[in-house]
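K.L.:
Provided below are the primary sequence and the corresponding predicted coordinates.
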Amino acid sequence: MPMAERILDHIRGPQDLKGLSLKEMEQLAQEVREELINTVTRVGGHFGSNLGVVELTIVLHALFDSPKDKIIWDVGHQAYPHKMLTGRRERMGTIRQKGGLCGFCVRSESPHDIFGAGHGGTSISAALGFAKARDLLGRREHVVAVIGDGSFTAGMALEALDHAGELGTDLLIILNDNGMGISPNIGALHRYLVKLRSDPHYRKAKELFEEFMHFMPLGDAMVDALERVKGSIKQFFQPRVIFEDLGCTYLGPVDGHNIADLRDILENAKQLKGPIVVHVVTVKGKGMPEAEQNPVGYHAIKAVGAPGGKKLPSYTDVFVETLIELARRDERIVAVTAAMLEGTGLVKFQKEFPHRCFDVAMAEQHAVTFCAGMALGGLRPVAAIYSTFLQRAFDQIVHDVCIQNIPVVFAIDRAGLVGNDGPTHQGVFDLSYLRCLPHMVIMAPKDENELRHMLKTALEYTDGPIAVRYPRDTVLGLEPPERLECLPIGKGELLREGRHVALVAIGTMVQNALQAAELLAAEGIEAAVVNARFVKPLDKELIRQVAEATGAVVTIEDNVRMGGFGSGVLEFLSEAGLYSVRTLVLGVPDRFIEHATREEQLEECGLDPRSIAQRVKDWLGLPARVPLRAVP
Ligand SMILES: Cc1ncc(C[n+]2csc(CCOP(=O)(O)OP(=O)(O)O)c2C)c(N)n1
């Protein structure tokens, strides 16, 4: 078809969807899908989820009046069609790259991105907030939350549903059910949705009701009458639906790829009062056979030309390999993930130990307290959770683990700067939010072998909670150690001697510090390098030693500077009365770091070896301040 005849070329925004016929919408869906496949296979990004919501997105933007009506996408990884239809089509090729479109919804990017996200389960709460604001301020717009069945397992989605049923305000919740999170979805709720989709009794009841609705002319009085009739139909037909018992009207299930059906059901939903749940059934990866058959592999894909060839394993690979090795020798070891079997590598662990691996769905809070219970019950639980998602479980870490000093092992993946996912996924707060907690031990390895030893150390340590954080990166490619060793708690190591300045680094920043030291040496500056290993407890002896020897300490971490590793070192130097030691804290600055490659982000934060060397050199060149003299 010649380009000029493409409907997509005429869509500048949602207003251009309003007059489209059914046939045109179907053609548009085809065009959006083709373009998505072309673009995302080229530049990478979330894939299957986006192919699954093409029709839904078109119908929503055709029926509702965004941004006056509020459409809120849960997580936002499935919002690519939404971006394409709301004026960002030309920039889709820049998605997730530095300066380009974000891979999720961001308020600053478009007035149609009503609410930013990246983490799952927030949409219903936010939508309910919008709905209440509308009510109290006397407006009448529609509010729609679109949430996947995976995100629906997040505790806060259920909390919001509970509240929505209580408030009873007008709110449309679209449950996009493709049976998948990143992995196949799990849980009793998931089994319930499967049943709902396939229950012939319920389908019959709904068909009757929908048929009935179809023939009713819909005036205001009619809508009220319908509400009453719907109640009696609901009571007449069984089984009842949980949503209805919770105070929401349930419509569906509807085929999310059938535009005519989708349009009918959403038009009906628009007329009804109170919270409505429309159960939309979609296929992840729809329209691309490989993606449909392998929804896990096609959840997100890499850009063409992204690192291929002889690839080194990731820290995640080393973590899970070591965990399996340790678990073979200790049957008390169990592993827990919150909907991230693939991401955390535990899918391998699950294969070998199916009964000792627990995917708890998108429920980080539950995961942590579940681990606390298992630990007290005599097991050795490892909570493998990304740094960013562990934020959800802060109170559980404080209240259920640390206060009770329970030996839970936290394997914190994607710690530090994470690259293309951007601000919502950065793992740059964990050192600050864990360091402030009594009883917590925190480690970060300088390389993959140290990660192996740290995992062994963590599983041997029974005095309380212990965390090991590691990056989203490939490893150095070292020979694995002959045997795993327990590291002494709270002991770092001096890797390089130097008399002018001490670079005290943690985790992957140790490698950058070593390289920076080389660069500084070329300028005649002799930098000592310390691998701190432990953020808590700190190796105070070693830090004191290098501080006294050099008089100048630079701390380096890929965590925010505030409250992180460097703060810990400053606290120690001040407690120890080492006032004359000059200090510089390098880390992530006090702002959210946008999507870009991890290397670009490190550079932006001044944490790549070259920037570290330059900053240290400049700082050393500054005249030292004369200490304040005490006022007589
Ligand atoms: C709190 C939280 N935990 C984990 C994730 C990682 N994550 C991103 S998408 C996703 C699956 C979402 O499934 P669903 O909502 O059903 O959307 P689908 O991809 O199936 O369309 C997960 C677990 C997240 N975004 N937020």
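P.N.:
Good, I have the coordinates. Predicted model only: the values in this text are computed from it and were never measured. Numbers count the residues shown, from 1 in each chain.

K.L.:
distance of Ile265 relative to the ligand?
P.N.:
Note on Ile265: its distance to the ligand, by CB to the nearest ligand atom, to the nearest Å, is 19 Å. C-beta here means a position set from N, CA and C on the backbone, and glycine is covered the same way.

K.L.:
distance of that residue from Val254?
P.N.:
The gap separating Ile265 from Val254 is 5 Å, by CB to CB, to the nearest Å.

K.L.:
can you check Arg6 too?
P.N.:
28 Å.

K.L.:
please say which of the two ends up with more neighbours.
P.N.:
Val254 (22 against 16; other CB atoms under 10 Å).

K.L.:
and Thr612, that's in a helix?
P.N.:
Wrong residue type there; residue 612 is Ile, not Thr. Yes - going by DSSP: H, G, I helix; E, B strand; the rest coil, the assignment for Ile612 places it inside a helix.

K.L.:
name the nearest residue to it, sequence neighbours excluded.
P.N.:
Counting by CB to CB, 6 or more residues apart in numbering, the nearest residue to Ile612 once its immediate chain neighbours are dropped is Ala516, at 3.9 Å.

K.L.:
hmm, Val616 and that neighbour touching each other?
P.N.:
Yes - contact between Ala516 and Val616 holds when scored by CB atoms under 8 Å: they sit 6.7 Å apart.

K.L.:
more neighbours: these two, which one.
P.N.:
Using other CB under 10 Å as the criterion, Ala516 and Val616 rank with Ala516 on top: 30 against 26.

K.L.:
and that one, what does it touch?
P.N.:
For Ala516, the contacting residues are 503, 527, 609-610, 612-613, 616, by CB atoms under 8 Å, 6 or more residues apart in numbering.

K.L.:
for these, which single residue is the most surrounded?
P.N.:
Each of the contacts of Ala516 was scored for neighbours by other CB under 10 Å, and Leu503 scores highest at 32 neighbours.

K.L.:
ok, stretch 177-186 near the ligand or not?
P.N.:
Yes - in this structure, stretch 177-186 sits against the ligand according to CB under 6 Å from any ligand atom; the contacting residues are 178, 180-182.

K.L.:
from these, pick the one nearest Arg328.
P.N.:
Using CB to CB, Ile182 is the member of the residues of stretch 177-186 next to the ligand that sits closest to Arg328, with 26.8 Å.

K.L.:
nearest residue to the closest one other than its sequence neighbours?
P.N.:
Using CB to CB, 6+ apart, the closest residue to Ile182 is His299 (4.8 Å).

K.L.:
cool, and His366?
P.N.:
Val360 is the one closest to His366 (CB to CB, 6+ apart), at 5.5 Å.

K.L.:
nearest residue to the middle of this protein?
P.N.:
Centrality entry for the chain: nearest residue to the mean C-alpha point is His119, 4.5 Å, by CA atoms, centre = their mean.

K.L.:
can you list residues touching both of Ala516 and Val616?
P.N.:
Shared contacts of Ala516 and Val616, defined by CB under 8 Å, 6+ apart, are found at 503, 527.

K.L.:
counting by contacts, list what the strand ranked longest in the chain packs against.
P.N.:
The strand that spans the most residues within the chain, counting by DSSP state E, is strand 552-560. For strand 552-560, the elements it packs on are helix 430-435, strand 501-505, helix 509-522, helix 540-550, helix 565-575, strand 582-588, helix 609-621, judged by 3 or more CB pairs under 8 Å, 6 or more residues apart in numbering; DSSP states H and E.

K.L.:
distance from the chain centre to that strand, please.
P.N.:
Its chain's C-alpha centre and that of strand 552-560 lie 25 Å apart, by CA atoms, centre = their mean, to the nearest Å.

K.L.:
can you check stretch 16-31 too?
P.N.:
The chain centre lies 33 Å from the centre of stretch 16-31; the measure is CA atoms, centre = their mean.

K.L.:
what's the average pLDDT for that stretch?
P.N.:
Across stretch 16-31, pLDDT averages out at 97.

K.L.:
and what of stretch 247-258?
P.N.:
95.

K.L.:
how far away from the center of its chain is that stretch?
P.N.:
Distance of stretch 247-258 from the chain centroid (CA atoms, centre = their mean) equals 27 Å.

K.L.:
got it, and stretch 335-344?
P.N.:
Stretch 335-344 has its C-alpha centroid displaced from the chain centroid by 12 Å (CA atoms, centre = their mean).

K.L.:
is any part of that stretch close to the ligand?
P.N.:
Yes - using CB under 6 Å from any ligand atom as the criterion, contacts between stretch 335-344 and the ligand involve 338-340.

K.L.:
C-alpha coordinates for stretch 151-159, CSV please?
P.N.:
Taking C-alpha atoms only, stretch 151-159 is exported to CSV below (Å, rounded to 0.1, in the frame of the first residue of the first chain):
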residue,chain,number,x,y,z
SER,A,151,0.7,-6.2,38.0
PHE,A,152,-2.7,-6.9,39.5
THR,A,153,-1.0,-9.3,41.9
ALA,A,154,0.8,-6.4,43.5
GLY,A,155,-0.6,-5.8,47.0
MET,A,156,-1.3,-2.1,46.4
ALA,A,157,-3.5,-2.9,43.4
LEU,A,158,-5.7,-5.0,45.7
GLU,A,159,-5.6,-2.3,48.4
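
K.L.:
lovely, talk soon.
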